[in-house]
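Student: Task: produce atomic coordinates for the following.
(2 chains)
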Amino acid sequence: MTSPELVLPKAPATRKGFVARALGNPVFLCGAIVLGLILLMAVFAPLIAPYDPLAQDMLNRTVSPIWLDGGDWAHPLGTDGLGRDYLSRIIYGARISLLIGVFTVITSGIIGTLMGVLAGYFGGRIDLVINFLIMTRLTLPVIMVALAVVAIFGGSLTVVVLVLGLLLWDRFAVVMRSAVMQIRNQEYIQAAQSMGYSTPKLLVKELLPNIFDRLAVIATFEMAHAILLEASLSFLGLGVQPPTPSWGLMVAEGRQYLLFDSWLILIPGAAICVLVLAINMMGDGLRDALAPENRN
Amino acid sequence: MTQPVLSVRNLTVDLPPSGDRPHAVSGLSFDIHQNEIVCVVGESGSGKSVTAFTAMGLLPKALKPSGGEMLFEGKDLLKMSKREHGRLRGKRIAMVFQEPMTALNPCFTVGDQIEEIFAAHTSLSKAERKARTMALLEEVRLPDPPRVYSSYPHQLSGGQRQRIVIAIALAMDPTLLIADEPTTALDVTTQAQILAMFKTLKTTHNAGILFVTHDFDVVAEIADRVVVMQKGIVVEQGTAAEVLNNPQHPYTRQLIAAVPRRREGAAEPLDENIALRVQGLEKTYHVPGSLMKKPRTVHALHPTDFTVRKGETLGIVGESGSGKTTLVRCLIRLIDPDDGAIWVGNRNFAQGSRSSLRAARKDIQIVFQDPYGSLNPRRSVGEQLIGAPMNFGVSREVALERAKRLMKIVRLEEDALYRYPAQFSGGQRQRICIARALMVEPKILIADEAVSALDVSVQKEVLQLLADIKREMGLTILFITHDLRVASQICDNLIVMSKGRIVERGTVDEVFGNPQDAYTRQLLAAMPGRGWDVPDLEAVAAV
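Tutor: Okay, the predicted model is just below:
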C-alpha cells in the first residue's frame, strides 16, 4: 500500500530548543548579557578589583567619584567613610548578591517543586495537607520572619541563605501544583501508567520535562526577589555583617552621608537595581518566549 | 436563474511566508443561490474553514485575501470597509460554529444572548425582543422555551446549545448562513436532528447555506451542490448527485473510497480460546455534596459481562455518556472498578493493588483518541517506545531492535525514532502510538476512539494497519468508537452501550440487520448517508 504517510517530513526540526527560542527574544537577550557581565565581575573579582575591598585608608575618606568635583582616577567610584575603595566593594558585593540569589533559588526550588508536584499529581489528602502548608506560609510576612530568625541566630551569609531558602518556596509550590494538575490528565501520562512505569520514574521522565520551562521562569523571578530581600535585611543590619561588602549593607552604611555625599547610596542602589532588572528581564523574556502561542 | 446570494470569483487568500504553501486558498470560485445548501468538503488543511471565515470577515490577521472577489448580493465583501461588513454580519450573513460548548458566553442566559442580536440590529422594544426570541426557540424546536430562555449555557446539552447557536444565527433572518462543521462535535443522534433542521431551514428562511464539512455521509444527507477542496484548490464541484455518484477527480474518488462502510463477505471463523472475560464489572461514582448541592451517585457502569475470543475484534459502540470510557479505564485499571472480574488468561486484572499490577500491565495495552495529547512532546519517539519494555526488564538494545522492527510494521522510517512528536502529522502520530502499545507484545490491544480524530483517508489507512497487524500478530482488539460505520468496517462482533449498560450484542450482521433494542435502532436510523450507496469507483474510473 502506498500512501503519503510513508514520507517523513524532509525539513529538519523546525521546533527550536528552549534555549534557542529564549535567545531569540530581545528582552531575554538584554537581561542575559547584563547578568553575564555581573557574573563575570563576581567570578573574577580578585583580578578586576583595583584594591582590597576591606583595606581602609583614613587619609582618603569619602573621596568623590570621578564625575563629581574632587574625583580622581585612583578611585573611579570614590571611597566610603572609612576610605575603602567603592569600586572594589561594588565588585565584591556582586558575589554576595549572586550567591544569595542562586542558593536561595536552589533550596526553595527543590522544596517548592517537590511539594507542588506531589500535591498536583496525587491530589486528595496529600493535596489538602500541602495546600494547608502553602496557605500557612503565605500568611507569614517574609521580612518579619527573617528578621526574627536573624535576631535569634545572628546574621551571617549562611543564616540568610537558609532563612530565605526556607521561606521563598511558596510560588514554586503554587505554580508547579497547577502545572502538574493540568498535565497529569494528559493521555501520555495515562499511557505511561498503562505501560507499567513506576510512579517516581513517571514523575521524573514524563512529567518533569514538561514543567521545566515554567520552573525556569519562576526561578528567575524568585532569584531577583531573594536578592532584594538580602539587600533589605543587610540594610536593616540583620543580614550580612560588616565588613563583608554587600550592596544592601553599603546602602545602610551610606545613610549617614545622605545629605552631602548621596552617591554613597546611589551607586550600590543602582547596582541592586540593574541586577534585579536584568534578572527580571530574563524572566519576562523566558515567559514570552515559552508562551504557547510563540511555539512552533 | 436568480442572482446568487454569494458569488465567489477567483478568490485567493495568502498564507504568511512561514506557511507550508503560498496560498491558503487560490483561484476559488463558486456560487450559492437562495434555497440551496452548498457543501464545501475537504480534509484538514484544505482551506475550507478559511473560505468560511473570509466570507464572515473573521480571518486571522496573518491571512490576507490578495485577489478575486466575493460578491454578496452584488457587493464585494473584500472591498467593503470593516464597518459595512460588520453591519452585514449577524444581520444578513450569519455563522454557526463547530464547538457549541465554547460558542456561547457562559456568563449570560440564553435569552440575553439571543436578544443581544435584536438590540444590536433593530430598535424593537424589550417586550417585542422577548417575543421574537421565544419564537426563535420554538423554531429550533427546543423543549420548554421559557425554561431555556432563562437558562445558562452550562445547564444545556451540546445539542441544545448548538440549536441556540443556530437560533442566534437565524435571528435576523439572514440570506446567507455559514456553518463550519456544525455537527462534528455532536453525537450521531443529535447530528441527525440538527441536519434535518438545516434542511427545513433552507426552505422556511429561503436562505443560501454554506456548509463546511469533512464527512461525505453528511454531504449525502443534505447537500444540493458540492465543492471538493484539496490544499486550497477546488478539485471538483457540481450537484450532489454528480459528485457523489460519478466523481471525476482522483482526490474525490479517494475521499469517497475512504468513507467507512460495512465490510462485505463472510467473517472469518473465530478462535475457540477466550482472550478476555469480563464478569460483573461495575463502577459507581459518588459525587460528594456541598453546601448547595445534595450528594449524588452516578452509575457509570452497571454490572457488565462479555467475553472476547483470541484474535477477535470486538467493537464497543456508544454515544457520549454511555459508559464506554469508564469501561476502558477500568479494563486498564486507570480507575478501580467497584466490583467484578477481568480475566486475562489466569489472572484477574480487577484485583490487587495498582502497584502489584504493574507486571501484568503488558498484557493489555491501549491506543488513545488524541494523537496530539498521547505522546510526550519532550521525549524522542524512540525513548518513549523503548521505555515500556524496559519497565518489564528488557534490555535497551533488545528494546531498540524491537522498536526498529515495529517502525517498519507501522510503515514509518527507522529515522522516526530519533525525532520528536511535534514533527509528525496526526496520522503518523497515531501509528507511533500503535507501535508504542505493541512494544510490550500485549495480548489485547484497546483502541479507544483511535481513529476518530483523523481525516477520513488517514483513518482508512490506520484501520487497514490495525487489521493487518491483528492478522499478523494474532492480536485481540477492543475497538471503542462512537461511529457505527467505522465499527462495522473493522469489527467481528459489536456491543452497543447506552447509559452504562450493554443494550445490544451480536455480530455486525445481526446488529445491523436485526437490531433488538430500541436504542440501537435509533442509532442506526441516525447514521448519516443511509440513502446513498457508494458508487463502484472502479467502474466510474474506467469510463
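
Student: Does A:L29 touch A:G285 like I think?
Tutor: Yes - contact criterion C-beta atoms under 8 Å: A:L29 and A:G285 qualify, at 7.2 Å. C-beta here means a position set from N, CA and C on the backbone, and glycine is covered the same way.

Student: Please say which of the two ends up with more neighbours.
Tutor: The neighbour count for A:L29 versus A:G285, taken as other C-beta atoms under 10 Å in any protein chain shown, is higher for A:G285 (24 against 15).

Student: and the more buried one, what helix or strand is that in?
Tutor: A:G285 belongs to helix A:263-290 when assigned by DSSP states H and E.

Student: Say whether chain B is contacted by that helix.
Tutor: No - Helix A:263-290 lies out of reach of chain B by C-beta under 8 Å from any C-beta of the partner chain, never closer than 12.4 Å.

Student: Domain boundaries for chain B, per the record?
Tutor: B:1-92+B:175-257, B:100-171, B:274-286+B:296-363+B:443-531, B:374-441 (the TED database).

Student: what about the last one, start to end distance?
Tutor: By C-alpha to C-alpha, to the nearest Å, the extent of domain B:374-441 from end to end equals 19 Å.

Student: Break down the stretch 51-200 of chain A into its helices, ranges please.
Tutor: A:86-122, A:124-139, A:142-153, A:157-167, A:170-184, A:187-194, A:199-201 (DSSP state H, counting those that start in this stretch).

Student: Any idea which of those helices gets closest to chain B?
Tutor: Of all those, helix A:187-194 sits nearest to chain B, with 3.7 Å by C-beta to the nearest C-beta.

Student: other SSEs contacting the closest one?
Tutor: Counting contacts by 3 or more C-beta pairs under 8 Å, 6 or more residues apart in numbering or on different chains; DSSP states H and E, helix A:187-194 is packed against strand B:364-367.

Student: ok, now which ones touch B:L524?
Tutor: B:L484, B:F512, B:P515 (C-beta atoms under 8 Å, 6 or more residues apart in numbering or on different chains).

Student: do you know how far it is from B:L186?
Tutor: Using C-beta to C-beta, to the nearest Å, B:L524 is found at 17 Å from B:L186.

Student: for the nearest residue to A:Q186 once chain neighbours are set aside, helix, strand, or coil?
Tutor: In space, and not counting its chain neighbours, A:Q186 is closest to B:G373: 5.2 Å by C-beta to C-beta, 6 or more residues apart in numbering or on different chains. Three-state call for B:G373 (DSSP: H, G, I helix; E, B strand; the rest coil): coil.

Student: my guess is B:G373 contacts A:I189, does it?
Tutor: No - using C-beta under 8 Å, B:G373 makes no contact with A:I189, being 9.5 Å away.

Student: of those two, who's got more company?
Tutor: Taking neighbours as other C-beta under 10 Å, B:G373 and A:I189 compare with A:I189 leading, 22 against 18.

Student: what's near enough to touch the more buried one?
Tutor: Per C-beta under 8 Å, 6+ apart, neighbours of A:I189: A:I183, A:L202, A:E206, A:L207.

Student: which among those residues are in contact with chain B?
Tutor: Contacts with chain B are made by A:E206 out of the contacts of A:I189, judged by C-beta under 8 Å from any C-beta.

Student: Pick out the most distant pair among the contacts of A:I189.
Tutor: Between any two of the contacts of A:I189, the greatest separation by C-beta to C-beta is 11.2 Å, found for A:I183 and A:L202.

Student: And the two? Which one has more around it.
Tutor: Neighbour count, other C-beta under 10 Å: between A:I183 and A:L202, A:L202 has more, with 20 against 17.

Student: For that one, which non-adjacent residue is spatially closest?
Tutor: A:A192 (5.2 Å).

Student: cool, B:N391 as well?
Tutor: With C-beta to C-beta, 6+ apart as the criterion, B:N391 has its nearest non-adjacent residue at 4.4 Å, and that residue is A:G196.

Student: in chain A, which helix or strand is least confident?
Tutor: Within chain A, no helix or strand scores below helix A:18-23, which has a mean of 71 by mean pLDDT, DSSP states H and E.

Student: Pull out the buried positions in the helix or strand following that helix.
Tutor: Next helix or strand after helix A:18-23 toward the C-terminus (DSSP H and E): helix A:26-43. For helix A:26-43, a neighbour-count test (16 or more other C-beta atoms under 10 Å in any protein chain shown) marks A:V27, A:F28, A:G31, A:A32, A:V34, A:L35, A:I38, A:L39, A:M41, A:A42 as buried.

Student: just stretch A:100-112 next, same as before
Tutor: Here stretch A:100-112 shows A:I100, A:G101, A:V102, A:F103, A:T104, A:V105, A:T107, A:S108, A:G109, A:I111, A:G112 as buried, counting by 16+ other C-beta under 10 Å.
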